[in-house]
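Engineer: Next one to model:
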Amino acid sequence: LDGESLTFDQVLAVAYSRPGHPRVALTPAATAKVERAAAAVQTLLERKTIAYGITTGFGAFKDRIIAPEQVEQLQHNILVSHAVGMGAPFDTPTTRAIMLIRANTLARGHSGIRPATLQLLLDMLNQGVHPIIPCKGSLGASGDLAPLAHMALPLIGHGQAEYAGEILPGDVALRRAGLAPTTLAAKEGLALTNGTAVMCALGVLETARAERYSQTADIAGCLSLEALNGTDLAFDERIHALRPFPRQQECARYLRGLLRGSQLTRPHSSTNVQDAYTLRCIPQVHGAVRDAIAYARWVFEIELNAVTDNPLLFIDEASGAIDVLSGGNFHGEPLAIAMDYLAFAVSELGNIAERRLMRLTDEHSNTHVLPAFLTSAGGLNSGFMIMQYTAAALATENKVLSHPASVDTIPTSANVEDHVSMGVTA
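Structural biologist: You can find the predicted model right below:
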């Protein structure tokens, strides 16, 4: 990790791999940047500089000054007070992606964490000590506070972690892996919890799934067209050149490739010149879904290598001057909107697929190309009648679940944090 070049494929490889395969480490350049930022934090303490979350409280307590002898206790307290998530824990691949993305953000060298603390997080990832992180509790600003607090608790010997198939107290899990908990220094608790790693991990994994769903939907659509003795005329390149949405054109090109040489499509000489929309408009509908997926990938490729905590440290290499800037990179709005867009786009794959399934099973809709409910003994046998019921139920559930979360906000922290993204919900 260097904080600047983490890719989708690397996240997927680490998320779904056995611990340590691949192994994750910091580049020497990243280590040097992390060391420099950690030293800058100590300089700020020595100078008694007022800096948010280092010598002050958090959120609405931003104007409460913390005594020098209490700065380590402050960082401990942020973890134990913020770890109030609820719900089932994230699965192991999601947890591993969260740990990796958070480590990559910290590797950029603007967060003030010490190399040893960051290395402990990487050691946990490499050795399979997976924190138990409840899936509910994040507002998507100030980052994913509650879930990231649960992620960080085992580093200080608290919370729970899964190791070798067992859920254990954090300190026990570390000990069994040959690791030892740390005591957090100034800024480290805030650096571990204030950011978008949970939203980003979910977004990367779900975008990758959506890419597979999209390809599967194209293949299923072509199979349906063949089963219904449809025509591929609507996928002609000349049609799509006149409405040149790139991913509509890509989809039509992929469909043409899938159907090339098919013996099951209608000949172009047929008097039945066009199919129903669910077959004829696959490139337009599936292509629009491809657009949403591509947008999500674009957003998360940026976010993977973004620095999203607060405040951020900027150190002038020539003079050594230190600026501590408070900003809002923890706000998950870009991610939340992308995920809402992805949700209703994938729901459209469900909608059009359910209508094709209806056409396959309804002999009147398919003009008796296929028997009613795909059975030759209708009445005694129901055939595939109820499969369409299940598809209809799922399509409706998709519509309910695709209601956008990013348009909602509930102010928090005594109205200091007065607009949030609801990114994890999205």
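Engineer: Give me the distance between the two termini of stretch 59-79.
Structural biologist: Its first and final residues considered, stretch 59-79 spans 14 Å by Cα to Cα, to the nearest Å.
Engineer: who's in contact with that stretch?
Structural biologist: With Cβ atoms under 8 Å, 6 or more residues apart in numbering as the test, stretch 59-79 has contacts from 45, 48, 50, 52, 54-58, 142, 149, 152-153, 156, 158, 183-190, 192-193, 412-414, 416-417. From N, CA and C alone the C-beta is placed, and that goes for glycine too.
Engineer: swap in stretch 387-396?
Structural biologist: Applying Cβ under 8 Å, 6+ apart, the contact partners of stretch 387-396 are Ser347, Gly350, Asn351, Ala353, Glu354, Leu357, Met358, Thr361.
Engineer: Only the buried members of these: can you turn that into a ChimeraX selection?
Structural biologist: To isolate the buried ones among these in ChimeraX, judged by 16 or more other Cβ atoms under 10 Å, type:
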select :347,350,351,353,354,357,361
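Engineer: List the buried residues for stretch 331-343?
Structural biologist: Neighbour counts using 16+ other Cβ under 10 Å place 331-343 of stretch 331-343 among the buried residues.
Engineer: ok, now stretch 300-317?
Structural biologist: Within stretch 300-317, the residues scored as buried using 16+ other Cβ under 10 Å are 300, 303-313, 315.
Engineer: repeat for stretch 58-65
Structural biologist: For stretch 58-65, burial by neighbour count (16+ other Cβ under 10 Å) applies to Phe58.
Engineer: Mind checking the pLDDT average for that stretch?
Structural biologist: What stretch 58-65 shows for mean pLDDT is 81.
Engineer: quick one: contacts for Arg176?
Structural biologist: Each residue near Arg176 by Cβ under 8 Å, 6+ apart is listed here: Tyr163, Ala164, Leu168.
Engineer: That should have said Asn381, apologies.
Structural biologist: Residues near Asn381 by Cβ under 8 Å, 6+ apart: Thr375.
Engineer: Can you tell me the closest non-neighbouring residue to Gly159?
Structural biologist: Closest residue to Gly159 apart from its sequence neighbours, by Cβ to Cβ, 6 or more residues apart in numbering: Leu153 at 2.8 Å.
Engineer: and the one you found, how many residues sit next to it?
Structural biologist: Residues near Leu153, counting by other Cβ atoms under 10 Å, number 24.
Engineer: what do you get for Leu79?
Structural biologist: Using other Cβ under 10 Å, Leu79 is surrounded by 25 other residues.
Engineer: Settle this for me: Asn310 is touching Asn329, isn't it.
Structural biologist: Yes: taking contacts as Cβ atoms under 8 Å, Asn310 lies within contact range of Asn329: 6.7 Å.
Engineer: How about the longest helix along the chain, which residues are buried there?
Structural biologist: What stands out as the longest helix in the chain, according to DSSP state H, is helix 197-227. Residues of helix 197-227 classed as buried: 197-208, 210-211, 213-214, 217-218, 220-222, 224-227 (neighbour count, 16+ other Cβ under 10 Å).
Engineer: now do stretch 161-172
Structural biologist: Ala161, Glu162, Tyr163, Leu168, Gly170, Asp171.
Engineer: pLDDT value on the third one, please?
Structural biologist: Looking at Tyr163, its pLDDT reads 98.
Engineer: same question, the last one
Structural biologist: Each residue has a pLDDT score; the one for Asp171 is 98.
Engineer: could you list every residue that touches it?
Structural biologist: With Cβ under 8 Å, 6+ apart as the criterion, the residues that contact Asp171 are Pro154, Gly157, His158, Pro181.
Engineer: which strands and helices sit next to the longest helix of the chain?
Structural biologist: Secondary-structure packing of helix 197-227 (3 or more Cβ pairs under 8 Å, 6 or more residues apart in numbering; DSSP states H and E): helix 8-15, helix 92-106, helix 145-152, helix 246-259, helix 277-280, helix 282-303, helix 333-361.
Engineer: Quick check: which of those is buried the most?
Structural biologist: Comparing these by mean neighbour count (mean count of other Cβ atoms under 10 Å), helix 145-152 comes out on top with a mean of 28.
Engineer: Would you pull up how far the very next helix or strand once past it lies from the middle of the chain?
Structural biologist: Using DSSP states H and E, the helix or strand that follows helix 145-152 towards the C-terminus is strand 160-163. In terms of Cα atoms, centre = their mean, to the nearest Å, the centre of strand 160-163 is found 22 Å from the chain centre.
Engineer: With only the CA atoms kept, save strand 160-163 in PDB.
Structural biologist: The C-alpha trace of strand 160-163 is given here as PDB (Å, rounded to 0.1, in the frame of the first residue of the first chain):
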ATOM      1  CA  GLN A 160     -14.400  -9.000  19.500                       C
ATOM      2  CA  ALA A 161     -12.700 -10.600  16.500                       C
ATOM      3  CA  GLU A 162     -13.000 -13.800  14.500                       C
ATOM      4  CA  TYR A 163      -9.800 -15.800  14.300                       C
END
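Engineer: Quick check: neighbours of that strand in the sheet, parallel or antiparallel?
Structural biologist: strand 130-131 (antiparallel), strand 166-169 (antiparallel) (DSSP bridges).
Engineer: so which of those strands gets nearest Pro283?
Structural biologist: strand 130-131 (41.9 Å; Cβ to Cβ).
Engineer: coming back round to it: TSV please, covering the contacts of stretch 387-396 and showing distance to Ala25 and pLDDT.
Structural biologist: Output for the contacts of stretch 387-396, formatted as TSV (distance: Cβ to Cβ, whole Å; pLDDT from 0 to 100):
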residue	distance to Ala25	pLDDT
Ser347	40	97
Gly350	41	97
Asn351	45	97
Ala353	43	97
Glu354	47	98
Leu357	49	97
Met358	53	97
Thr361	55	96
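Engineer: which of the contacts of stretch 387-396 are the two that sit furthest away from each other?
Structural biologist: Between any two of the contacts of stretch 387-396 (Cβ to Cβ), the greatest distance is 21.4 Å, for Ser347 and Thr361.
Engineer: ok, back up a step: next, format the helices and strands packed on helix 197-227 as JSON lines and append distance to Glu397.
Structural biologist: Formatted as JSON lines, these follow (distance: least, Cβ to Cβ, whole Å):
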{"stretch": "helix 8-15", "distance to Glu397": "26"}
{"stretch": "helix 92-106", "distance to Glu397": "21"}
{"stretch": "helix 145-152", "distance to Glu397": "25"}
{"stretch": "helix 246-259", "distance to Glu397": "25"}
{"stretch": "helix 277-280", "distance to Glu397": "20"}
{"stretch": "helix 282-303", "distance to Glu397": "18"}
{"stretch": "helix 333-361", "distance to Glu397": "9"}
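Engineer: For Thr27, find the nearest of those helices.
Structural biologist: Using Cβ to Cβ as the measure, helix 92-106 is the one of the helices and strands packed on helix 197-227 that comes nearest Thr27, at 10.9 Å.
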